[in-house]
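> turn this into a model:
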Amino acid sequence: MADDHHDVIIIGTGAGGGTLAHRLAPTGKRILILERGDYLPRERDNWDSTAVFVKGKYRAPEFWYDKHGNEFPPEVNYYVGGNTKFYGAALFRLRPEDFGELRHHDGVSPAWPIRYEDLEPYYTQAEQLYLVHGRHGEDPTEGPASGQYPHPPVAHEPRIQQLSDDLEKRGLHPFHLPIGVNLTQDENGRATHSSVCIRCDRVDGFPCLMGAKSDAQVICVDPALKHDNVTMVTGADVRRLETDPTGRTVTRVVAELGNGTTQAYTADIVVVACGAVNSAVLLLRSANDKHPGGLANSSDVVGRHYMRHNNLALMAVSKEPNPTRFQKTLALHDWYLGADDWDFPLGGIQMLGKSDADQIHGEAPRWAGAVTPDMPFEMLAHHAVDFWLCGEDLPLPGSRVTLDKNDDIHLALDEKNNIAGLKRLQHKLQGMLGHLGMHEHHLLSHSIYLHKGMPIGATAHQAGTVRFGDDPGSSALDVHCKAHDLDNLYVVDTSFFPSIGAVNPSLTAIANALRVGDHIAARLG
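As a prediction, the model looks like this:
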């Protein structure tokens, strides 16, 4: 056993764990960060579409199993910074309505044990910390903000500005997508010569070679490690948590190290932040006599209520060329909570990173015959306008993570869960194409973002497997994200979500980590 005892062990370095480490670093308490992966290598392939998307070079070399026992490659990356190394850095707040009970076509999205107002100060702090560019007040569905974004919006390039103008002419309310990048713009919206971000076309799904994307490693982990009281062990795959005989206290964190040895670590407080699937797996794998169903699982909810959004990546074909490079600057939430012809939430539309020729060629066999002969695949990339449609899926008890006797991960998912709203959202976009300068029938499913059309493999927005709540009978964590069943165990990734809304979950995970960090700091005195 490592003989040096810590005040806090944090397992995982993504949006939750990395942010928490940053929050606790100034306390002077002894903090140990355990990260399963290593630093992502900086190399040309970071920005190569074929390497990143087609070959999946940086994806974890593992397979999970669906409810039919078929294996699939999950969209997970084990590096310092977690999945934020590859996220698109779209940093939205949940809407105030998302914190209450929301009725959908297929059921009810449950209320949270906290309100928007409880998290709002932390949302503002999270936006400051992660260098979010945007403008509060443009999106009519957003909640009140106690502070403006720290940086002005990333300016639209001409084709996207035209799209924004065309949407406004239709009476809609497009707004600048809030995005975390270390960008300084001149009066024309171009990156200044001293800007870290260069406004390239590699923001969405690629790691940033410039360190300009606000990922958890750059923003939180590296600065935290400058404190003498914070240390990190990489290549530490935590296999189980052990408790004292009462079952109330985690006493040992047992990890397999990169050199093949096993090491145990101890701390007064243990925080799990491995991602919604792997956090649930760790708790289930840590079952013992006092916790036969897994740690923190007297309610039998650990691993259940898995959510990952109902997503569609769609490529429209613009009549005019679209030379945009930094395309991820616009979003539309007019139908987030409903529409004049539909009483239930539809979700949101946002721009994706600009697709390129390599991605188009990767999709080519699927699109054969879908495009007119006068639009060869080479031209598609130059005319592509890429949209991301995001609808809420509901937390079902049967959508769950389990372990089999071989320690393999199984993910059961109802892929038809609450998709009626998303289909209507797609129909809304399809119906507008002609008015937006696009070919009316060219809206192509862009599944390269979803790993060859395997929806269950699209785990980038995973959430909900270790939900928090007031009732220990129906939740695993209390309002501070401490396990009901244990005195010193916390979970601070997206596992705690009781519902997921229809916006990217990262900023909510970050804000919550700041909130829980304040609670833990007060507890440590």
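> doesn't N288 make contact with D244?
No - D244 lies out of contact with N288 (Cβ atoms under 8 Å); the separation is 10.4 Å. (Glycine included, C-beta is placed from N, CA and C.)
> now tell me which helix or strand of this structure has the poorest mean pLDDT.
helix 357-367 (a mean of 70; mean pLDDT, DSSP states H and E).
> after it, which helix or strand is next?
Under the assignment DSSP states H and E, the closest C-terminal helix or strand after helix 357-367 is helix 377-383.
> against which helices or strands is that next one packed?
strand 310-318, helix 357-367 (3 or more Cβ pairs under 8 Å, 6 or more residues apart in numbering; DSSP states H and E).
> so which of those gets nearest V479?
strand 310-318 (28.0 Å; Cβ to Cβ).
> what mean pLDDT does the closest one have?
Averaging pLDDT along strand 310-318 yields 89.
> so which elements touch the helix or strand following it?
Following strand 310-318 in sequence order, the next helix or strand is strand 330-332 (DSSP H and E). The contact analysis (3+ Cβ pairs under 8 Å, 6+ apart) places strand 330-332 against helix 158-169, strand 175-176, strand 348-351.
> most packed of the ones you listed?
With neighbours defined by mean count of other Cβ atoms under 10 Å, none of the helices and strands packed on strand 330-332 is more surrounded on average than strand 348-351, at a mean of 25.
> got the contact list for it?
Among residues not part of strand 348-351, those counted as contacts by Cβ atoms under 8 Å, 6 or more residues apart in numbering are 90, 160, 177, 327-333, 336, 385-390, 425, 429, 502-503.
> ok, now which ones touch P498?
The neighbours of P498, taking Cβ under 8 Å, 6+ apart as the test, are P110, A111, W112, P113, H305, P395, G464, R467, F468, G469, S475.
> helix, strand, or coil at H439?
Taken by DSSP: H, G, I helix; E, B strand; the rest coil, the conformation at H439 corresponds to strand.
> burial measure for it, as a count.
The local packing of H439 (other Cβ atoms under 10 Å) involves 16 other residues.
> and what of D341?
D341 is surrounded by 8 other residues when neighbours are defined as other Cβ under 10 Å.
> how far away is it from H427?
10 Å (Cβ to Cβ, to the nearest Å).
> now do H133
Distance from H133 to H427, counting by Cβ to Cβ: 31 Å.
> so which bits of the longest helix along the chain are buried?
Longest among the helix segments of the chain by residue count, using DSSP state H, is helix 506-524. In terms of neighbour count (16 or more other Cβ atoms under 10 Å), helix 506-524 has its buried residues at 506-518, 520.
> again, but for stretch 402-409
For stretch 402-409, the neighbour count (16+ other Cβ under 10 Å) marks T402, L403, I409 as buried.
> also stretch 108-122?
The neighbour-count check on stretch 108-122 (16+ other Cβ under 10 Å) flags S109, P110, W112, P113, I114, Y116, L119, E120, Y122 as buried.
> pLDDT, distance to A273 and secondary structure added to these, as CSV?
Formatted as CSV, the buried residues of stretch 108-122 follow (pLDDT from 0 to 100; distance: Cβ to Cβ, whole Å; DSSP: H, G, I helix; E, B strand; the rest coil):
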residue, pLDDT, distance to A273, secondary structure
S109, 97, 24, strand
P110, 98, 23, coil
W112, 98, 19, coil
P113, 98, 20, coil
I114, 98, 19, coil
Y116, 98, 23, helix
L119, 98, 18, helix
E120, 98, 22, helix
Y122, 98, 16, helix
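> out of the residues you listed, who's nearest I9?
Proximity of those to I9 (Cβ to Cβ) peaks at Y122, which lies at 22.7 Å.
> what distance do you get for the closest one to M307?
For Y122, the distance to M307 equals 21 Å [Cβ to Cβ].
> what's the answer for N70, then?
In this view, N70 and M307 are 21 Å apart by Cβ to Cβ.
> which one of those two has more residues nearby?
A side-by-side neighbour count of N70 and M307, using other Cβ under 10 Å, places M307 first with 28 against 11.
> quick check: bridge partners of that one?
The residues paired with M307 through beta bridges, assigned by DSSP bridges, are A463.
> looking at H133 and H427, which one has more neighbours?
Under the neighbour definition other Cβ under 10 Å, H133 and H427 were set side by side, and H133 has more, 26 against 11.
> phi and psi next, for the more buried one.
Backbone geometry at H133, expressed as degrees, to the nearest 10, gives phi -100, psi 130.
> mind listing the helices in the stretch 151-300 of the chain by residue range?
Per DSSP state H, counting those that start in this stretch, the stretch 151-300 of the chain has helices spanning 158-169, 216, 222-224, 276-285. These are given in chain order.
> could those helices go into a markdown table alongside mean pLDDT and distance to Y149?
Rendered in a markdown table, the data for the helices of the stretch 151-300 of the chain read as follows (pLDDT from 0 to 100; distance: least, Cβ to Cβ, whole Å):
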| stretch | mean pLDDT | distance to Y149 |
| --- | --- | --- |
| helix 158-169 | 97 | 18 |
| helix 216 | 98 | 19 |
| helix 222-224 | 98 | 21 |
| helix 276-285 | 98 | 27 |
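> follow-up on the earlier one: what mean pLDDT does the longest helix of the chain get?
This predicted structure assigns helix 506-524 an average pLDDT of 98.
> same question for stretch 79-96.
When pLDDT is averaged along stretch 79-96, the result is 97.
> how long is it end to end?
33 Å (Cα to Cα, to the nearest Å).
> closest one to G56 among the helices and strands packed on strand 330-332?
Among the helices and strands packed on strand 330-332, the nearest to G56 by Cβ to Cβ is strand 348-351 (23.4 Å).
> how far does the closest one sit from the chain's center?
Per Cα atoms, centre = their mean, to the nearest Å, the displacement of strand 348-351 from the mean C-alpha position of its chain is 15 Å.
> also stretch 115-128?
The chain centroid and the centroid of stretch 115-128 are separated by 17 Å, computed with Cα atoms, centre = their mean.
> name the surrounding residues that touch that stretch.
By Cβ under 8 Å, 6+ apart, the list of residues contacting stretch 115-128 from outside reads 19, 91, 93-96, 98-100, 132, 134, 143-147, 149-150, 178, 507-508, 510-512, 514-515.
> out of these, which are buried?
The neighbour-count test (16+ other Cβ under 10 Å) applied to the contacts of stretch 115-128 identifies 19, 91, 93-96, 98-99, 132, 134, 143, 149, 178, 507-508, 510-512, 514-515 as buried.
> if we can go back for a sec, between the buried residues of stretch 402-409, which sits nearest L167?
When the buried residues of stretch 402-409 are compared for distance to L167, the smallest value, 41.4 Å, is given by I409; criterion: Cβ to Cβ.
> can you pull the phi/psi pair for the closest one?
Comment: the main-chain dihedrals of I409 come out as phi -90, psi 130, following degrees, to the nearest 10.
> any idea what it is bridged to?
According to DSSP bridges, L403 are recorded as the beta-bridge partners of I409.
> look up how far L257 lies from it.
Applying Cβ to Cβ to I409 and L257 gives a distance of 21 Å.
> now the helices and strands packed on strand 330-332 as CSV including distance to H446?
Rendered in CSV, the data for the helices and strands packed on strand 330-332 read as follows (distance: least, Cβ to Cβ, whole Å):
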stretch, distance to H446
helix 158-169, 17
strand 175-176, 23
strand 348-351, 12
